[in-house]
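J.: Fold the following.
(one chain, ligands or ions: 1)
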Amino acid sequence: LSSPLVEGFINTVSEQYPQYAIGVQESYQKSPERFTAIASKYLTWLGATQNGAVDRALKAYVDFTSSVNFSQARYEHDGHYENKSFTEVYESHYSKREEMDDYLWGVYLTNFLWSHHLDIAPGHGGWGVWALEQKKNATLTGYDISPSSIAIATEIARAAKVDDRSEYTERDALDLFSLDPEIADAVICSFLIEHLEQPDKLLHVINQLLKPGGTAFLTGALTAAQVDHIYEFSKESELFILAEDADLRVIESLSVNPERLLAKAKFTPKSMALILKKPT
Ligand SMILES: C[S@@+](CC[C@H](N)C(=O)[O-])C[C@H]1O[C@@H](n2cnc3c(N)ncnc32)[C@H](O)[C@@H]1O
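T.: Numbers count the residues shown, from 1 in each chain. Predicted coordinates:
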């Protein structure tokens, strides 16, 4: 491995959580170069936030992964996601600050530790911070309902030294209809759509915010249970149709799934990414 930071991290996983080492090795083997590039970026930012951040995030990742595995097993048994309404999930999950902090740090690490996750890493602030690192003149505003997200994304932006070009505000995505239209050159919206009762509205919000010719990066989960997934997508075409119905053109798409599934699984958990363009 060309990165001592990444090598040290993989060794820590093997020593402290040996049952998770095989999954990490699988992700690494799939594309060692890409894994190392993304992992070293994410681990550097994480390490620059506060003392003990890497250990905390690793523990959160282990807890998050086993919670997702339990949710998927329950989904196999029950045939539907456990929660259906946003209110239910808000009360049991989004409003619990400490639980949300751990959840978001856990998901942060899935960006490179889950081999079935998308090839470009999403994250808590991670996606936007990465975009700012690439686009030196860009500015970014992030909106999330969770105070944990605002705090963590702000910390990651500071660690990556792009905090002077980013700001994060606590706000519901569907309230963004009230912002001025056509203010964004690009929109990133990763793994939100399956958290909404009316996912079609999200695509209309994105269309309204984009300038003509602007681009959106959208990801979503299909037949993949999690405590906060309430809209059950099953086919890739469902996301295409939502985008097209909101007058957004699908330029590229990718759908991926884990290699190892539960025994006799009826559902294959899938992650899908779409690049969308608003017509001029
Ligand atoms: C699975 S995380 C995705 C985080 C990150 N975008 C990623 O791809 O890793 C889902 C996020 O959606 C936020 N969220 C859920 N419902 C929301 C809503 N109605 N408006 C804005 N954010 C919401 C949650 O607080 C959480 O931070």
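
J.: Now do the same contact list for T12.
T.: 54, 58 (CB atoms under 8 Å, 6 or more residues apart in numbering). For every residue, glycine as well, the C-beta is placed using N, CA and C.

J.: Helices of the chain, residue ranges please.
T.: Along the chain, counting by DSSP state H, helices occupy 4-16, 18-30, 32-47, 53-78, 86-89, 97-113, 126-134, 147-159, 199-209, 236-245.

J.: What helices and strands are in contact with the fourth one?
T.: In this case it means helix 53-78. helix 4-16, helix 18-30, helix 32-47, helix 97-113 (3 or more CB pairs under 8 Å, 6 or more residues apart in numbering; DSSP states H and E).

J.: hmm, the last one touching the ligand?
T.: In this case it means helix 97-113. Yes. Using CB under 6 Å from any ligand atom, helix 97-113 comes into contact with the ligand via V107.

J.: what packs against the lowest-mean-pLDDT helix or strand in the chain?
T.: Sorting the helices and strands of the chain by mean pLDDT, DSSP states H and E puts helix 18-30 at the bottom, at a mean of 88. Helix 18-30 sits against helix 4-16, helix 32-47, helix 53-78, helix 97-113, with contacts defined as 3+ CB pairs under 8 Å, 6+ apart.

J.: tell me the angle the longest one makes with helix 97-113.
T.: Right, helix 53-78. Following axes from the mean of the first three to the mean of the last three CA atoms, to 10 degrees, one obtains 90 degrees for the angle between helix 53-78 and helix 97-113.

J.: model confidence over helix 53-78, on average?
T.: Helix 53-78 shows a mean pLDDT of 95.

J.: Do it and the ligand come into contact?
T.: No. With CB under 6 Å from any ligand atom as the criterion, the ligand is not reached by helix 53-78; the gap is at least 9.7 Å.

J.: any idea how far that helix is from the chain center?
T.: The chain centre lies 14 Å from the centre of helix 53-78; the measure is CA atoms, centre = their mean, to the nearest Å.

J.: If you count neighbours, what's buried in it?
T.: Residues of helix 53-78 classed as buried by neighbour count (16 or more other CB atoms under 10 Å): 53-54, 56-58, 60-62, 64-65, 68, 71-72, 75-76.

J.: show me what contacts S166?
T.: Contacts of S166 (CB under 8 Å, 6+ apart): 125, 128-129, 132, 139-142, 153-154, 157.

J.: Filtering the residues you listed by proximity to the ligand, which remain?
T.: Answer for the contacts of S166 near the ligand: none qualify (CB under 6 Å from any ligand atom).

J.: Rebuild these as a markdown table, extending it with pLDDT and neighbour count.
T.: A markdown table is the format used below for the contacts of S166 (pLDDT from 0 to 100; neighbours: other CB atoms under 10 Å):
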| residue | pLDDT | neighbour count |
| --- | --- | --- |
| G125 | 87 | 29 |
| G128 | 91 | 26 |
| V129 | 92 | 27 |
| L132 | 90 | 22 |
| T139 | 89 | 11 |
| L140 | 92 | 21 |
| T141 | 92 | 14 |
| G142 | 92 | 21 |
| A153 | 93 | 26 |
| T154 | 94 | 17 |
| A157 | 94 | 24 |
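
J.: Just name the closest of those residues to E197, please.
T.: Nearest to E197 among the contacts of S166: G142, at 21.9 Å, using CB to CB.

J.: Show me what that closest one bridges to in the sheet.
T.: Y168 (DSSP bridges).

J.: Could you pull up the residues touching it?
T.: 125, 128, 149-150, 153, 166-169.

J.: Kindly report the same for T215.
T.: 185-187, 251, 275-278.

J.: how about the residues you listed, which pair is most distant?
T.: Across those (CB to CB), the longest gap, 15.1 Å, separates D185 and I251.

J.: Quick one: low-confidence residue ranges for the protein.
T.: Low-confidence segments of the chain (pLDDT under 70): 1, 115-123.

J.: Swap in 50 and give it another go.
T.: 116-123 (pLDDT under 50).

J.: next one: the longest strand along it to chain centre, how far?
T.: If you go by DSSP state E, the chain has its longest strand at strand 210-222. Centroid separation for strand 210-222 versus its chain: 14 Å, with CA atoms, centre = their mean.

J.: CA atoms only: put that strand into CSV for me.
T.: Only the C-alpha atoms of strand 210-222 are listed here, as CSV (Å, rounded to 0.1, in the frame of the first residue of the first chain):
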residue,chain,number,x,y,z
LEU,A,210,-30.7,24.5,-11.1
LYS,A,211,-29.8,27.1,-13.7
PRO,A,212,-30.7,25.9,-17.3
GLY,A,213,-27.9,23.6,-18.4
GLY,A,214,-27.0,22.9,-14.8
THR,A,215,-26.1,19.4,-13.5
ALA,A,216,-27.3,17.3,-10.6
PHE,A,217,-25.7,14.3,-8.9
LEU,A,218,-28.4,12.2,-7.3
THR,A,219,-28.0,8.9,-5.5
GLY,A,220,-30.7,6.6,-4.0
ALA,A,221,-31.1,3.2,-2.3
LEU,A,222,-33.4,0.5,-3.8
